[in-house]
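Undergrad: After the sequence you'll find the predicted model.
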Amino acid sequence: MRPKEIHIPFCDTCPVHQNSVFRHLTKEETDLINFEKEHRHLKRGDVLYTEGSRISGFYCINNGIIKVYKTGIDGKEQIIRFAKKGDLIAYRSVLSNETACTSAKVIEDSTVCFIPSNLLITFVRENPSFAMEIMKLTCQELAEANAYITDIAQKTVRERLAEILLHLIDEFGLDEQNYLRITLTREELANIVGTATESVIRLLSEFKSDNLIALNGRRIKIINRKILEKISNIF
């Protein structure tokens, strides 16, 4: 049986192009990316790169979900973010010419474009509009990191879990039955919240008993968003 052919559009015809940093590239620059990028199809569990490794390019997510995380001394993961359609990952390590400061693993079958480092460096040097968008993206990620550090220091685990559920709603949305459109293991949830897996399991059970959510395996159904907002203290 022949493998299923994977079609990825050129950058200028990609559905996410109008909202991406690549919209600031010239036609010649876009043509160069189309010529040099690699299309890669990845399965759940595949690793794109690991912390401390030397990477030769960055990734644009065409479809799927990839978790970006750091590993602590005890081997426990701390999930930094989830990259989805249209997001870029590993570009900061390319710009700083340093080894990867995070690891990236696929949690939902994904298709990505791998773009060589030299193209990013060239575009930043020669295209001011593109460079400004990259700077804005970096600042946005820094702001999110600062907010997360504040939450870890000042909020309870219960508050943080409620806030993470709300964040996942905003990032990935709900299906017709109000289930999150992303499925995570209890361990992955704990690695976002920054706590033990047992604590997340207990709190999810409490949220279920309070009729705030419903659970179906890894799937989480949101029943009462307003109370979750109140618990999270995000306002």
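TA: That came through fine. Numbering: from 1, shown residues only.
Undergrad: can you give me the strands in the protein?
TA: Taking DSSP state E, the strands of the chain run over residues 38-42, 47-49, 57-71, 77-83, 88-89, 103-116, 213-216, 219-222.
Undergrad: ok and the longest helix belonging to the chain relative to strand 77-83, angle-wise?
TA: In the chain, taking DSSP state H as the definition, the longest helix is helix 128-154. Relative orientation of helix 128-154 and strand 77-83, computed by axes from the mean of the first three to the mean of the last three C-alpha atoms, to 10 degrees: 140 degrees.
Undergrad: Any idea how far helix 128-154 is from the middle of the chain?
TA: 13 Å (C-alpha atoms, centre = their mean, to the nearest Å).
Undergrad: do you know which of the strands of the chain lies nearest Leu184?
TA: Of all these, strand 103-116 sits nearest to Leu184, with 7.3 Å by C-beta to C-beta. Every C-beta, even on glycine, is put in place using the N, C-alpha and C of the backbone.
Undergrad: Next, the angle strand 57-71 makes with the helix-or-strand element of the chain with minimal mean pLDDT.
TA: For the chain, counting by mean pLDDT, DSSP states H and E, helix 128-154 ranks last in confidence among helices and strands (a mean of 88). Using the same axes, to 10 degrees, the inter-axis angle of helix 128-154 relative to strand 57-71 is 10 degrees.
Undergrad: Now do the buried residues in helix 128-154.
TA: Across helix 128-154, burial judged by 16 or more other C-beta atoms under 10 Å covers 130-131, 133-134, 137, 141, 148, 151.
Undergrad: so what's the closest residue to Phe22 other than its chain neighbours scoring on pLDDT?
TA: Of all residues not flanking Phe22 in the chain, Cys11 sits nearest, at 5.4 Å (C-beta to C-beta, 6 or more residues apart in numbering). Cys11 is assigned 74 on the pLDDT scale.
Undergrad: for Glu77, same thing?
TA: Note on Glu77: pLDDT of 87.
Undergrad: What is the neighbour count of it?
TA: By other C-beta atoms under 10 Å, 17 other residues sit near Glu77.
Undergrad: And for Gly75?
TA: Gly75 has 6 nearby residues by other C-beta under 10 Å.
Undergrad: where in this protein is pLDDT low?
TA: The model of the chain has pLDDT under 70 over residues 1-9, 12, 15-18, 235.
Undergrad: before we move on, back to that, do I have it right that the residue nearest to Phe22 meets Phe35?
TA: No. If you go by C-beta atoms under 8 Å, Cys11 and Phe35 don't touch, sitting 10.5 Å apart.
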